[in-house]
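K.L.:
With the sequence up front, the predicted model follows.
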Amino acid sequence: MSRRQGTASLVASPVLVGAVTVLVSIIAVFIAYNANAGLPFVPTYDLKAQFPTGNKLVAGNEVRVGGFRVGVVDDIKPATVDGVAVAEVAMKLDKTVEPLAEDTRLKIRPRSALGLKYVEITPGKAGTTFRSGGTIPLTQATEQLEFEDVFSTFDPETRRNAQLALEGFGNAFAGRGNAINSTIVALNPLFAGLTPVMANLSDPATQLDQFFLQIGRASAQVAPIASVQTDLFRNLATTFEAFSRDPGALRDTIAKSPPTIDTAVRSFRVQRPFLTDFTDLSRRLRPAVNELPRSLPAINRAFAVGTDVLPRTVPLNARLSGVLSELEDLFENPNTLLAIRDLRTTFTVTRPALEFIAPYQTVCNYFNYFVHPLGEHQSSPAADGSGTTQNQGIRTVNNEQPNTYGNIESSRPWDVPEGMNPLGATDPTGMALGRQYAVPYQPAIDAQGNADCQNGQTGFVRGPLAPGARYGPGTLSDGTPTGGNAPVVINDFPILSGGTFKARELGIDNLEDVDKLR
């Protein structure tokens, strides 16, 4: 029987590959389009919460517990509590956080310096919990300090006091050279006490060398912007020159510095919560900032490509509107979920069979070897011109007749007389006698995944495999002599036959090699 190398596969059909790619893309676009509203068929734990204000919160903002996203803000609408207007926020939460205790607390926090917000949930420990659809009261919700609140501390009066303080400092130093000299003399006790301080700094345990090392690294970072620093000092010189033209204003500024400092001290109490939260925000942003030097080139390239591509998405979105509408109907159809569940069951049931059958095709290529010769099996035209006929003649197998190919209890290979060597065996007319041999239930791989495609690889084996010897005598187990000393009844030879011709051509020697071809 002739053999041809199989090269066709499912991925060779561009129509099929294109259809699958378009379908996957459409589903991905639809899911991304509806991501803010929650994925379809995913159950949620719905709660409402009352806040003093919406505080720039919008639908689609994240809800987090312990820094991890557990849901989204679904809707925001006004409400009243004891006659006071508040914001009522509807949240869709994952089932993993259900139920939340009734002493759970909420806070609206900034996600970025650009104003993006998220709702932070701090679960409580009370024995009673909120049911789905419940409302967390206003008394358990707080809001963050906003930048506007900080900037509002520098009102016109504070700014005017800062100007007066600067003027006062100028007046304090003007014409006081003798006083400054006296101050220097009085600094002698300071320098006397400075000696033990410097001794501590020079101690190796202080690691002062690391300080200068880091200063050097900081200077290396600043070196590329040396020209910018030059402009800065040049502009500072211009500024100080302007101060010198109006010493009276500088004198008044210095005089007003004490009340300004008092005002600043009082403002620090207000700024402290903001600074605490800003410290936490800076710590959270540090990994993202460290990633920017590596990611910004790729982001810039993406923006450069997207600038030309984005306008073309408008007509694409218009053409996809009908498809997305049909997909929405599909997702809203209750039968869709049932079908997906049935598919999951189908894949679960069929997976063992596929895992068993797959090596016969991926490693041994048996399906292609079987299908390709079928074109020649019926390639001879019929005598009456009505179609084709079988190209090969078939000998009818009679399982009751001994020594036929279909009889597994034969005493010799089919068509080979008893005592004749099957290698090169012919009949009296010189026609070659059949001596095809195939392993009944051959393997495809061994336990380690190595290729063991025995069908068509072993040739015609001389003698049965017997314990203690590679080939035993030419008799069956009941002592019946065998023709040509050739029949072998075994499903798996104790050797590795390797892959078939096509598998070796592709470099497939093990099941793991299949993944490398992707």
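P.N.:
Nice, I can see it. Residues are numbered from 1 along each chain as shown.

K.L.:
Can you name the element that comes right after the helix-or-strand element of the chain with minimal mean pLDDT?
P.N.:
The weakest-scoring helix or strand in the chain, judged by mean pLDDT, DSSP states H and E, is strand 388-389 (a mean of 62). Using DSSP states H and E, the next helix or strand after strand 388-389 towards the C-terminus is helix 501-506.

K.L.:
Report the buried residues of that following helix.
P.N.:
Neighbour-count burial for helix 501-506, with 16 or more other C-beta atoms under 10 Å as criterion, is recorded at Ala503. Bear in mind the C-beta positions are built from the backbone N, C-alpha and C, glycine included.

K.L.:
tell me which strands and helices it is in contact with?
P.N.:
Contact partners of helix 501-506 among helices and strands, from 3 or more C-beta pairs under 8 Å, 6 or more residues apart in numbering; DSSP states H and E: none.

K.L.:
Output that helix as CSV, restricted to C-alpha atoms.
P.N.:
What follows is helix 501-506, C-alpha atoms only, in CSV (Å, rounded to 0.1, in the frame of the first residue of the first chain):
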residue,chain,number,x,y,z
PHE,A,501,8.5,10.3,8.7
LYS,A,502,6.5,13.5,9.0
ALA,A,503,7.1,13.8,12.8
ARG,A,504,10.9,13.4,12.4
GLU,A,505,10.8,16.0,9.5
LEU,A,506,9.1,18.5,11.9
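
K.L.:
longest helix in the protein, by residue count?
P.N.:
Counting residues, the longest helix found in the chain (DSSP state H) is helix 257-332.

K.L.:
In the next helix or strand after it, which residues are buried?
P.N.:
For helix 257-332, the following helix or strand on the C-terminal side (DSSP H and E) is helix 334-362. Across helix 334-362, burial judged by 16+ other C-beta under 10 Å covers 359-362.

K.L.:
ok, the residues you listed vs Ala172, which is closest?
P.N.:
Using C-beta to C-beta, Thr362 comes nearest to Ala172 of those, at 88.2 Å.

K.L.:
That closest one - nearest residue in space that isn't next to it in sequence?
P.N.:
Leaving aside its chain neighbours, Thr362 sits nearest to Val514 (4.6 Å; criterion: C-beta to C-beta, 6 or more residues apart in numbering).

K.L.:
What are the structural domain limits within this structure?
P.N.:
34-142, 145-185+233-302 (automatic domain parsing).

K.L.:
Export the ones you listed as TSV, with columns for distance to Ala503, mean neighbour count and mean pLDDT.
P.N.:
As requested, the domains of the chain are exported to TSV (distance: least, C-beta to C-beta, whole Å; neighbours: other C-beta atoms under 10 Å; pLDDT from 0 to 100):
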stretch	distance to Ala503	mean neighbour count	mean pLDDT
domain 34-142	42	15	82
domain 145-185+233-302	39	13	83
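
K.L.:
Are we agreed that Val63 is in a strand?
P.N.:
Yes: Val63 sits within a strand when classified using DSSP: H, G, I helix; E, B strand; the rest coil.

K.L.:
How about it: which residues does it bridge to?
P.N.:
Val63 has these beta-bridge partners by DSSP bridges: Gly71, Val119.

K.L.:
For it, which residues are in contact?
P.N.:
By C-beta atoms under 8 Å, 6 or more residues apart in numbering, the contact list for Val63 reads 69-73, 91, 93, 118-119, 121.
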